[in-house]
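Colleague: from the sequence below, what's the structure:
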Amino acid sequence: MSRSRQPPLVTGISPNEGIPWTKVTIRGENLGTGPTDLIGLTICGHNCLLTAEWMSASKIVCRVGQAKNDKGDIIVTTKSGGKGTSTVSFKLLKPEKIGLLDQSAVWVDEMNYYDMRTDRNKGIPPLSLRPANPLGIEIEKSKFPQKNLETLFPGMSADFTSENFSAAWYLIENHSTTSFEQLKMAVTNLKRQANKKSEGSLAYVKGGLSTFFEAQDALSAIHQKLEADGTEKVEGSMTQKLENVLNRASTTADTLFQEVLGRKDKADSTRNALNVLQRFKFLFNLPLNIERNIQKGDYDVVINDYEKAKSLFGKTEVQVFKKYYAEVETRIEALRELLLAKLLETPSTLHDQKRYIRYLSDLHALGDPAWQCIGAQHRWILQLMHGCKEGYVQDLKGTPGLHSPMLDLDNDTRPLVLGHLSQTASLKRGSSFQSGRDDSWRYKTPHRVAFVEKLTKLVLSQLPNFWKLWISYVNGSLFSETAEKSGQIERSKNVRQRQNDFKKMIQEVMQCLVKLIRGALLPLSIPECGVRQYGGWEVKSELSGQWLAHVIQTIRLTYESLTALEIPNDMLQTIQDLILDLRVRCVMVTLQHTAEEIKRLAEKEDWIVDNEGLTSLPCQFEQCIVHSLQSLKGVLECKPGEASVFQQPKTQEEVCQLSINIMQIFIYCLEQLSTKPDADVDTTHLSVDVSSPDLFGSIHEDFSLTSEQRLLIVLSNCCYLERHTFLNIAEHFEKHNFQGIEKITQVSMASLKELDQRLFENYIELKADPIVGSLEPGIYAGYFDWKDCLPPTGVRNYLKEALVNIIAVHAEVFTISKELVPRVLSKVVEAVSEELSRLMQCVSSFSKNGALQARLEICALRDTVAVHLTPESKSSFKQALEALPQLSSGADKKLLEELLNKFKSSMHLQLTCFQAASSTMMKT
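Modeller: The predicted structure follows:
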């Protein structure tokens with residue numbers, strides 16, 4: 001707030017004395033900041049503001065008017081400083097009386113001018129020459145209300161020149177506080193004035209008594225001569241002579257004074273013309289001054305001059321004044337049109353709009369310029385929005401458009417949510433996952449994203465001023481105090497209609513914003529009739545989830561900015577609906593892109609196995625989903641006023657199905673990897689556990705994977721997925737408020753178990769069938785016969801070969817995954833024991849030696865793989881033994897036990913793997 005200015009101070013006036021209408025120059029300090037700041041100027045108590053001409057803050061020129069006081073101060077009053085003071089005074093001189101023949105070089109009293117219409121001199125009424133203070137004592141004006149005096153003295157007046165003069169009223173008004181002694185003095189003064197008037201009349205009579213007698217004698221002599229001549233008018237009579245003398249005197253007088261009287265009439269006419277020109281020069285110069293001030297842009301000065309002229313000459317009946325005032329009205333009407341054109345011109349600032357509206361309201365412009373400005377601004381905003389869209393569409397098509405999106409974008413327009421992709425999640429198993437996408441997106445903003453940013457930036461730059469203009473219109477701050485009073489009644493009638501119309505304008509802007517964004521990002525959500533107006537984006541690829549998340553963040557910030565303007569929420573509901581649809585679409589697109597990435601994971605399988613028999617594929621799968629969910633964190637989070645993405649059952653079902661699809665795609669990838677031809681598998685390095693000895697030297701550091709080994713690796717990954725990965729993913733889904741997690745987990749687990757079982761059966765079939773198929777030929781090799789055989793000396797080679805094959809399976813499985821060993825070996829043992837039981841049951845009869853040999857081999861196999869026996873394999877071994885004759889003598893039993901010990905001792909090194917597995921199982 002600026003510091004208040006000092007009150008005006010008059011320090012000099014030149015000349016310091018003169019008759020009324022003398023031109024004077026006033027000098028001083030703080031005499032105003034401009035012509036509009038000067039609101040009062042009195043000299044000797046007379047208001048001289050009409051003739052005042054403000055020159056500077058230290059100089060004012062004016063003419064002195066009629067005043068009651070002969071000497072007084074010069075008081076200047078300004079808006080900025082208030083009422084001032086004076087250190088000098090002005091002396092008002094009375095004009096000298098000028099005769100008919102006297103030449104005058106001074107300004108004559110203009111109040112006493114010659115009126116040619118009535119051909120008479122208009123002088124001051126005699127009553128006005130009476131003394132202003134008839135009592136001759138000091139006048140002290142009372143503060144008694146005028147209305148009360150009029151009620152107390154009905155029909156009377158305090159003017160002592162009036163016929164209804166009331167002395168009591170005059171005394172109350174002018175001498176209510178005067179003492180009784182002063183009133184006595186007043187009575188004495190009145191008596192003295194009355195005596196002076198009587199004495200003056202008597203002295204006048206005494207002084208002219210001799211003249212009176214001479215005139216009487218002359219008249220008497222004339223009377224006697226007339227009686228002697230007779231009353232008839234005859235030639236040579238005295239009457240005739242007297243008439244002739246008077247006529248000659250009249251003719252001589254007319255000849256003598258005709259030129260003087262002509263000059264007097266001309267001087268009176270000139271004086272009257274000069275008087276009019278001087279007094280009303282403000283009006284005569286006003287059209288030219290208006291034109292000059294309009295060219296300079298000083299509209300405030302024009303409005304002040306117009307208001308002054310309107311108050312003085314608006315209702316004049318003088319034709320000259322009417323003519324000039326009509327010219328003023330013509331210039332003002334042109335100014336109204338100019339200001340209205342500037343007001344409706346776009347673009348323009350809020351400050352300029354308010355200024356032009358205030359000017360037009362002060363000029364009493366027809367209609368409602370403020371509402372016209374609001375309508376023009378509304379149409380301008382819509383035009384800018386559609387122009388923005390057309391520019392980007394043309395640029396996308398390769399035609400130079402209105403905008404250059406790549407140049408208009410700021411450096412910080414890259415989506416913040418994509419920063420999550422550059423981070424590596426610290427999962428407990430580590431990661432070798434790398435995004436296969438090109439990082440060029442960081443430097444190439446899609447046209448549609450750039451368009452949304454530009455469009456929202458445009459709305460946020462225009463709508464706040466548009467809203468503030470409406471608020472100023474409603475509360476009346478756009479108008480001056482005078483215009484506010486004059487237009488208040490009219491606006492109050494239209495306020496309800498105006499509110500409805502403005503609400504429709506805001507809703508139209510919001511709907512246009514939403515439809516333009518939908519046309520760019522969600523073209524299927526707009527009706528066909530609006531595709532041409534709001535669509536037209538010829539793009540084949542859809543935006544990625546990361547860019548959609550960035551767009552959502554941009555629109556959210558736009559919504560927050562509009563809410564800060566206190567725009568009602570019902571007008572912004574369309575933006576909330578748009579945000580919800582974009583969030584849903586972002587989730588869908590992100591999950592679809594995630595599914596595409598999952599499909600490509602099979603290409604990244606490096607077949608490098610860790611100590612637990614796992615490759616990096618399950619971890620890559622989990623990381624891929626976690627990264628996708630992290631990129632959706634801001635999208636799924638509900639801001640104030642937003643609804644949940646999963647509030648619609650249809651959305652829940654689609655998201656659930658997409659999630660299930662992602663899990664099943666990965667399961668399908670595992671199945672493809674397990675059945676991949678050997679020629680398609682690259683040579684790689686297996687990470688072998690140092691605690692597992694290379695028993696037969698068949699597994700070297702450089703090794704080409706077989707189909708069985710790939711099956712084992714995939715089986716190991718399936719086990720890990722079932723126990724850990726799928727459960728972790730379900731927790732992440734739940735953390736991000738996904739719906740239908742139980743269904744996702746159940747369907748995924750069922751598919752995974754089905755694949756696991758199918759792959760496991762394939763592997764068992766590959767490994768068990770050769771071993772089972774070698775039993776029967778091995779048993780009957782060399783035409784062996786159970787009925788006729790030698791006494792047993794040990795376990796035959798076919799069983800040793802079968803055990804070696806089982807050990808090879810153990811070694812292969814153990815190399816890949818220790819956890820799969822019990823599961824695989826138990827199934828292989830089941831197949832071998834079942835086949836052995838079948839073969840024993842097919843033998844019709846055994847000799848004593850044959851039975852002992854068979855029992856030795858069955859017991860040797862059973863005891864060797866005892867750690868991997870299952871109820872089914874135990875049952876098969878039991879059935880095989882039951883098919884043999886029982887041992888009858890203790891010698892046979894002893895021999896059997898010795899042969900078993902001998903077998904175990906000779907195969908000790910080979911059977912170590914089963915012992916290690918046994919100890920491990922015991923510890924477990």
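
Colleague: mind giving me the domain ranges of the chain?
Modeller: 9-92, 263-344, 781-913 (the TED database).

Colleague: ok, now which ones touch residue 828?
Modeller: With contacts defined as Cβ atoms under 8 Å, 6 or more residues apart in numbering, residue 828 is in contact with 764, 767-768, 771, 806, 809, 868. C-beta: built from backbone N, CA, C; applies to glycine.

Colleague: what's the closest non-adjacent residue to it?
Modeller: Excluding its sequence neighbours, the residue lying closest to residue 828 (Cβ to Cβ, 6 or more residues apart in numbering) is residue 768, at 4.9 Å.

Colleague: which parts of the stretch 751-900 of the chain are helices?
Modeller: 797-816, 820-842, 848-864, 871-882, 890-906 (DSSP state H, counting those that start in this stretch).

Colleague: what would the ones you listed look like in a markdown table with mean pLDDT and distance to residue 217?
Modeller: Below are these laid out as a markdown table (pLDDT from 0 to 100; distance: least, Cβ to Cβ, whole Å):
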| stretch | mean pLDDT | distance to residue 217 |
| --- | --- | --- |
| helix 797-816 | 86 | 173 |
| helix 820-842 | 88 | 173 |
| helix 848-864 | 86 | 192 |
| helix 871-882 | 89 | 184 |
| helix 890-906 | 84 | 197 |
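
Colleague: now the ones you listed as CSV including distance to residue 151?
Modeller: Below are the helices of the stretch 751-900 of the chain laid out as CSV (distance: least, Cβ to Cβ, whole Å):
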stretch, distance to residue 151
helix 797-816, 121
helix 820-842, 120
helix 848-864, 139
helix 871-882, 128
helix 890-906, 144
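
Colleague: residue 733: which of those is closest?
Modeller: helix 820-842 (28.8 Å; Cβ to Cβ).

Colleague: just how off-centre is the closest one within its chain?
Modeller: Taking Cα atoms, centre = their mean, to the nearest Å, the mean C-alpha location of helix 820-842 is offset from the chain mean by 77 Å.

Colleague: quick one: it to helix 871-882, angle?
Modeller: Angle between the axes of helix 820-842 and helix 871-882 is 30 degrees (criterion: axes from the mean of the first three to the mean of the last three Cα atoms, to 10 degrees).

Colleague: circling back to that earlier point, contacting residues around the residue nearest to residue 828?
Modeller: For residue 768, the contact set (Cβ under 8 Å, 6+ apart) comprises 827-828, 831-832.

Colleague: what does residue 8 give?
Modeller: 28-32, 76-78, 81, 83-85.

Colleague: do the same with residue 46
Modeller: Applying Cβ under 8 Å, 6+ apart, we find residue 46 in contact with 64-67.

Colleague: in these, find the pair that's most separated.
Modeller: Between any two of the contacts of residue 46 (Cβ to Cβ), the greatest distance is 8.6 Å, for 64 and 66.

Colleague: so for the two, which sits in the more crowded spot?
Modeller: Comparing residue 64 with residue 66 by other Cβ atoms under 10 Å, the one with more neighbours is residue 64, at 24 against 13.

Colleague: give me phi/psi at the more buried one?
Modeller: When read as degrees, to the nearest 10, the backbone of residue 64 gives phi -80, psi 130.

Colleague: could you give me the average pLDDT of the helix or strand residue 914 falls within?
Modeller: Assigning secondary structure by DSSP states H and E places residue 914 in helix 912-923. Averaged over helix 912-923, pLDDT sits at 54.

Colleague: and the helix or strand harbouring residue 259, what does it pack onto?
Modeller: Using DSSP H and E, residue 259 sits in helix 238-279. Under the contact definition 3 or more Cβ pairs under 8 Å, 6 or more residues apart in numbering; DSSP states H and E, helix 238-279 sits against strand 114-115, helix 209-229.

Colleague: which among these is found nearest to residue 189?
Modeller: helix 209-229 (31.2 Å).

Colleague: on the three-state scheme, residue 28 is what?
Modeller: strand (DSSP: H, G, I helix; E, B strand; the rest coil).

Colleague: out of the contacts of residue 46, who's nearest residue 213?
Modeller: Of all the contacts of residue 46, residue 213 sits closest to residue 66, with 45.5 Å by Cβ to Cβ.

Colleague: look up how far residue 95 lies from the closest one.
Modeller: 11 Å (Cβ to Cβ, to the nearest Å).

Colleague: got it, and residue 79?
Modeller: Counting by Cβ to Cβ, the gap from residue 79 to residue 95 is 36 Å.

Colleague: in a helix, that's where residue 66 is, yeah?
Modeller: No: under three-state DSSP, residue 66 sits outside any helix and is assigned coil.

Colleague: is it in contact with residue 43, as I believe?
Modeller: No: between residue 66 and residue 43 there is no contact under Cβ atoms under 8 Å: 10.6 Å.

Colleague: rewinding a little: tell me which two in the contacts of residue 768 are the farthest apart.
Modeller: 827 and 832 (9.9 Å).

Colleague: the more surrounded of those two?
Modeller: residue 832 (25 against 22).

Colleague: so how far is residue 345 from the more buried one?
Modeller: 98 Å.

Colleague: any buried residues in the strand or helix carrying residue 312, and which?
Modeller: Element membership of residue 312 [criterion: DSSP H and E] is helix 299-313. Buried residues in helix 299-313, counted by 16 or more other Cβ atoms under 10 Å: 299-306, 309, 313.

Colleague: for stretch 370-390, same thing?
Modeller: 370-374, 376-378, 380-381, 384-385, 388-389.

Colleague: which residue ranges form the helices in the stretch 351-500 of the chain?
Modeller: So, for the stretch 351-500 of the chain - with DSSP H, counting those that start in this stretch - the helices run 369-397, 405-408, 447-475, 481-521.

Colleague: with distance to residue 336 added, can I get those in TSV?
Modeller: Below are the helices of the stretch 351-500 of the chain laid out as TSV (distance: least, Cβ to Cβ, whole Å):
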stretch	distance to residue 336
helix 369-397	9
helix 405-408	39
helix 447-475	19
helix 481-521	13
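
Colleague: any chance of those helices in a markdown table, with distance to residue 605 and mean pLDDT too?
Modeller: Below are the helices of the stretch 351-500 of the chain laid out as a markdown table (distance: least, Cβ to Cβ, whole Å; pLDDT from 0 to 100):
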| stretch | distance to residue 605 | mean pLDDT |
| --- | --- | --- |
| helix 369-397 | 39 | 85 |
| helix 405-408 | 39 | 38 |
| helix 447-475 | 35 | 85 |
| helix 481-521 | 36 | 73 |
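
Colleague: out of those, flag the one nearest residue 24.
Modeller: Residue 24 lies closest, by Cβ to Cβ, to one member of the helices of the stretch 351-500 of the chain: helix 481-521, at 32.6 Å.

Colleague: next secondary structure after that closest one?
Modeller: Following helix 481-521 in sequence, per DSSP H and E, is helix 531-534.

Colleague: check the offset of that next one from the chain's centre.
Modeller: Per Cα atoms, centre = their mean, the centroid offset for helix 531-534 relative to its chain is 25 Å.

Colleague: make CSV from the domains of the chain and add distance to residue 730 to it.
Modeller: CSV is the format used below for the domains of the chain (distance: least, Cβ to Cβ, whole Å):
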stretch, distance to residue 730
domain 9-92, 77
domain 263-344, 63
domain 781-913, 22
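
Colleague: closest one to residue 550 among those domains?
Modeller: domain 263-344 (37.8 Å).

Colleague: now do the closest one, average pLDDT.
Modeller: For domain 263-344, mean pLDDT rounds to 83.

Colleague: now the helix holding residue 259 against helix 209-229, angle please.
Modeller: Using the same axes, to 10 degrees, helix 238-279 lies at 130 degrees relative to helix 209-229.
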